[in-house]
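Student: Okay, here's the prediction I keep looking at, along with the sequence it came from:
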Amino acid sequence: MFRLDNYIAIVTGASRGIGQGIVENLAEAGAHVVCVSRSFEAVKSVASELKSKGFKASFAACDIADFKAAADLVQSIVKDLGKIDILVNNAGITRDTLLMRMSEEDWDTVINTNLKGAFNTTKAVTRPMMRQRHGRIINISSVVGLTGNAGQTNYAASKAGLIGFTKATARELASRGITVNCIAPGFIETDMTAGLKPEIKEAMIAQIPLRRIGNSKDIATMVQFLASDAAGYITGQTYAVDGGMTM
Ligand code: NAI
């Protein structure tokens, strides 16, 4: 279902967690996935594992918060592979603390990675996607961008910003056959949530109508659908994939 044969997909933050789940799904669906993260070794090993299973994959280390590095990355992918069909802006970080204690650096680092990073990569893919009159851009936001969360003013602002960015970009690019959508995951089992104390996890599960923490496959399946031809009439939307938490 939702085949992606002959499509080239870039996924940021692909070295682990949700991003790794996304590249596995897209590769299984037939896409050539370019796995991107800051860590060369980690992203190389994700791409090698995919290739050992017979899938099409390559990798690149890049700090997406760096405007020029993101532009150079996209340019080199287009040069090597000829085009870009799918961009998944998944890389994201947290620097949690109450607003009263938050440093300027905590604020800037999170906004620069989560929000400016998506601007950097999206701007870079826009021209090649416009030329081919086809493209799929999928931004990974968070339920925290919809509801807010104490201790995460920087993160919530970056994730709410991504929702607005999605809508404005969707309006600008719709006439060129490019769709731009957003996914707002709830609590997902990854390194980002692994460090939580068991009692905190229990309290989280109590808030989820489907009574379980999500996994990267739950998000990857939605990405695969939005990346596919089947989702061609959907743009500018944000989908909460959160076990019903924000219904
Ligand atoms: P993670 O911490 O396990 O992985 C983050 C990935 O992003 C890593 O590959 C890391 O190398 C990469 N990355 C970070 N900064 C980067 C930069 N400047 N340039 C390039 N790559 C960079 O995170 P996880 O949990 O897999 O989250 C993935 C996305 O999903 C993030 O945007 C996160 O905010 C979002 N999310 C996660 C939730 C969760 O419960 N885990 C819930 C809601 C949203």
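Tutor: Yep, it's here.

Student: Would you mind pulling the contact partners of stretch 62-75?
Tutor: 10, 12, 36-38, 60, 84, 89, 91, 112-113, 116-118, 120-121, 123-125, 128 (C-beta atoms under 8 Å, 6 or more residues apart in numbering). C-beta coordinates here come from the backbone N, C-alpha and C atoms, glycine included.

Student: remind me, longest helix of this protein?
Tutor: Secondary structure assigned by DSSP state H gives helix 153-173 as the longest helix of the chain.

Student: thinking again about what came up before, pull out the buried members of the contacts of stretch 62-75.
Tutor: Among these, the ones that count as buried by 16 or more other C-beta atoms under 10 Å are 10, 12, 36-38, 60, 84, 89, 91, 112-113, 116-118, 120-121, 124-125, 128.

Student: Can you tell me which residue sits nearest the middle of the protein?
Tutor: In the chain, the residue lying closest to the centroid (C-alpha atoms, centre = their mean) is Asn90, at 2.0 Å.

Student: Please determine how far that one is located from the ligand.
Tutor: Remark: distance between Asn90 and the ligand (C-beta to the nearest ligand atom, to the nearest Å) = 5 Å.

Student: if I read this right, that residue contacts Arg16, doesn't it?
Tutor: No - taking contacts as C-beta atoms under 8 Å, Asn90 lies outside contact range of Arg16: 10.8 Å.

Student: Show the pLDDT at Gly195.
Tutor: pLDDT, Gly195: 81.

Student: Chain neighbours aside, what residue packs nearest to Ala47?
Tutor: Computed as C-beta to C-beta, 6 or more residues apart in numbering, the closest residue to Ala47 that is not its neighbour in sequence is Phe59, at 3.8 Å.

Student: show me the contacts for that neighbour.
Tutor: Ala14, Val34, Cys35, Val36, Phe40, Val43, Lys44, Val46, Ala47.

Student: Check these against Met222 and report the nearest one.
Tutor: Ala14 (16.4 Å; C-beta to C-beta).
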